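Asker: Everything below, folded, please.
(2 chains)
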Amino acid sequence: MVVVERPVSVSRVEPRLNGQQVRRSLAAGAIHGSLIAGLVLIFLPIAWAVSTSLKNPGDIFLFPPTWIPDPIRWQNYVDAMTKADFGRYFLNTTFITVVDIVAKVMSCSLVAFSFARLRWWGRDVLFMVMLSTLMLPQQVTLIPQFIIYRQFGWIDTFMPLIVPNLFGGPFFTFLLRQFFLSIPTDLDDAARIDGCSSWGVYWRIILPLSRPALMMVAIYVFNITWNDFFGPLIYLHNRNNYTISLGLQAFQTQSGPEWHLIMAASLVAMLPVLVLFFFGQRYFIQGVVFSGVKG
Amino acid sequence: MVNVAARTVTVERPRISRQTRRNLEGWLFASPWIIGFILFTVGPMLASAVMAFMKWDLLSAPTFVGLDNFKQALWGDPLVLQALKVTTLYAVVSVPLNIVLGLGLALLLNSGVRGLRFYRTAYFLPSVLSGVAVALLWRWVFENQFGLANTLLTSIGLRGPNWLGDGDWALPALILMNVWAVGGGMIIYLAGLQGIPTELYEAAEVDGASWWQRLWKITLPLVTPALFFQLVIGVIQALQVFTQPYVMTGGGPYNSTLFYVLYLYQNAFKYFQMGYASALAWILFAYILVLTLMIFRSGDSWVHYEGQSRKGE
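Answerer: Got it, this is the predicted structure:
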């Protein structure tokens, strides 16, 4: 509108243009202002935790509280890590997480390949069945599973936390299937003409072309397994088998109000996820968007 | 004639075996899930359905008790009702709250503001953090005397409640804590908003539609599928909350944060009432199904799918 009017009468339009510009920059300022205020609110708890984790024990219970610890006490992190056997918990969690990632990515991609690329009797019905299991709360199968693992002598081993991941899972299989469907089938056909088996198509064509989707699944499985609490709580009892989640929970119940150490340990537990977030941010976002919009 | 018949037969034979081969291959590739489904889902589901009619403490032999577990849960155990109340209240407040705030944020970010990528990343970050570490962080935030929440309230002259130690404020504290993860929904709505063709807005502007009308008639209808999806997922997740109450309140004070799955866990692994806990699990499943069905029903009247006109229009 402005562009059309300008040549007609410059003098009349100019002040209006300014008014509009002012209004626009005011609106932009208001939006930035509220977005930044929101960010401050969101990051205050983390800043608070970092501040607490670096304070002298006595300074935690000061009023008004200080935001910048004086002196900065890095020793808290050493104390927190040595007061409980966190090295061991990290090792346990890392082991379970790495095995789960490999198991889940392999099994889900195999099943997803079958649902996306192979034509077989019963496929579509089974696919619907698989999707419907997304609605099933894990508590329904939890108790019989617990009893089965108990029969196997798997309580207080990592097996109950690892073995189910070898058998795919509805959510990530669905995600990968959707991704595989977006790869042109011409590639499969060409490979098959060249004598590729289904395994060959899966291994040499689909998997290499799906690296972003596989990364996305790996990162999600990492985040879920790393932070899992319910599973370890039920299956792991011996302190030597604890994951970080269990270690943190035990740490808070035995250590009383030593918030400087609890915060230090909590922040260390969050660190791997934070690091992963900064390097693999786009995979996190893709994962959410992919499952949210196309789901 | 004979020739043609012979030819079709010779052509068809390999075709049939190829189909069988394909079937075999398909099942083989899908077998991890099929086997897992039978071993870890169907089997345990059947067992759980049977156990729901048993009394079993894992030590002595299970005994059949008919519908007693369900009768006890629904009419004889006030804690089940309390757990249902707490969990439902949490879901009813927390899920819409996060949807509205997430959508509001997405609309702000989609208004052509500078630094979109920075804001998006920063708001998204807390939603990827979860588990015991986050619960502990918030326990400290809500600490009565020296926690961040009450420190801030005091600094503006308000006396904050004893959040997690107060039966009236513990559940609101957990709802507030969940707002922290608002960025997860925001990312989804933002992707939805960015996918709306600009021609729609240009056409509306030519027709003289106001900002409000454009929001109400174009933007919102086109993100309703994403809102709907978040509503369904959000409710299902909210009904299964466990870690936060376990770590932060233990279900207290006065059972004000006795979430359903927490109570189920206590019955199964603290009191070893495996039959009763199985019945509780099935009641939860039924509850989830009913709620999801209700949301799906309601969706017919407010979810707008492109390429499909709404009923009555």
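Asker: What is the burial count for residue 124?
Answerer: Picking chain A for this. Residues near A:Asp124, counting by other Cβ atoms under 10 Å in any protein chain shown, number 11. The way it works is simple: take the backbone N, C-alpha and C, and place the C-beta from them, glycine included.
Asker: my bad, the chain I had in mind was chain B
Answerer: Using other Cβ under 10 Å, the number of residues around B:Phe124 comes to 21.
Asker: What of B:Leu59?
Answerer: By other Cβ under 10 Å, neighbour count at B:Leu59 equals 6.
Asker: What does it show for phi and psi?
Answerer: phi -90, psi -60 (degrees, to the nearest 10).
Asker: how about it, what does it touch?
Answerer: Counting by Cβ atoms under 8 Å, 6 or more residues apart in numbering or on different chains, B:Leu59 touches B:Phe272.
Asker: Quick check: pLDDT value at residue 14.
Answerer: All of this refers to chain A. Looking at A:Glu14, its pLDDT reads 50.
Asker: Chain B is the one I meant
Answerer: Here the pLDDT value assigned to B:Pro14 is 55.
Asker: just B:Leu222 next, same as before
Answerer: Predicted confidence (pLDDT) for B:Leu222: 89.
Asker: wait, is it part of a strand?
Answerer: No - assessed with DSSP: H, G, I helix; E, B strand; the rest coil, B:Leu222 is helix; it does not lie in a strand.
Asker: Hmm, B:His304 and it touching each other?
Answerer: Yes - B:Leu222 is within contact range of B:His304, at 6.8 Å (criterion: Cβ atoms under 8 Å).
Asker: Which neighbours do these two have in common?
Answerer: With contacts taken as Cβ under 8 Å, 6+ apart, B:Leu222 and B:His304 have no neighbour in common.
Asker: what about stretch A:237-252, near chain B?
Answerer: Yes - among the residues of stretch A:237-252, A:Ile244, A:Ser245, A:Leu246, A:Leu248, A:Gln249, A:Gln252 lie within reach of chain B under Cβ under 8 Å from any Cβ of the partner chain.
Asker: residue contacts, the last one?
Answerer: With contacts defined as Cβ under 8 Å, 6+ apart, A:Gln252 is in contact with A:Ile262, B:Leu136, B:Arg139, B:Val247.
Asker: next one: the first one
Answerer: When the contact criterion is Cβ under 8 Å, 6+ apart, the partners of A:Ile244 are A:Phe86, A:Tyr89, A:Phe90, A:Thr93, A:Trp226, A:Ala269, B:Val132, B:Ala133.
Asker: how about B:Met54, phi and psi?
Answerer: Dihedral angles (degrees, to the nearest 10) for B:Met54: phi -120, psi 160.
Asker: Now do the residue in the stretch 151-295 of chain A that chain B sits nearest to against A:Pro137, distance only.
Answerer: Closest residue of the stretch 151-295 of chain A to chain B, Cβ to the nearest Cβ: A:Phe167 (2.4 Å). For A:Phe167, the distance to A:Pro137 equals 18 Å [Cβ to Cβ, to the nearest Å].
Asker: Same question for B:Val113.
Answerer: Distance from B:Val113 to A:Pro137, by Cβ to Cβ: 40 Å.
Asker: Between the two, which is the more surrounded one?
Answerer: A:Pro137 (20 against 14).
Asker: tell me, how many neighbours does residue 27 end up with?
Answerer: Using chain A. Counted with other Cβ under 10 Å, residues neighbouring A:Ala27 total 12.
Asker: Chain B was what I was after
Answerer: Neighbour count of B:Trp27, defined by other Cβ under 10 Å: 17.
Asker: Turn the contacts of A:Gln252 into a markdown table, columns for neighbour count, pLDDT and distance to B:Leu262.
Answerer: Output for the contacts of A:Gln252, formatted as a markdown table (neighbours: other Cβ atoms under 10 Å in any protein chain shown; pLDDT from 0 to 100; distance: Cβ to Cβ, whole Å):
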| residue | neighbour count | pLDDT | distance to B:Leu262 |
| --- | --- | --- | --- |
| A:Ile262 | 25 | 93 | 21 |
| B:Leu136 | 24 | 95 | 17 |
| B:Arg139 | 22 | 94 | 16 |
| B:Val247 | 22 | 95 | 10 |
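Asker: quick check, nearest of the residues you listed to B:Glu25?
Answerer: Nearest to B:Glu25 among the contacts of A:Gln252, counting by Cβ to Cβ, is B:Val247 at 46.8 Å.
Asker: got the contact list for the closest residue to that closest one other than its chain neighbours?
Answerer: Residue nearest to B:Val247 in three dimensions, not counting chain neighbours: B:Ala135, with 3.9 Å by Cβ to Cβ, 6 or more residues apart in numbering or on different chains. Counting by Cβ under 8 Å, 6+ apart, B:Ala135 makes contact with B:Thr243, B:Gln244, B:Val247, B:Met248.
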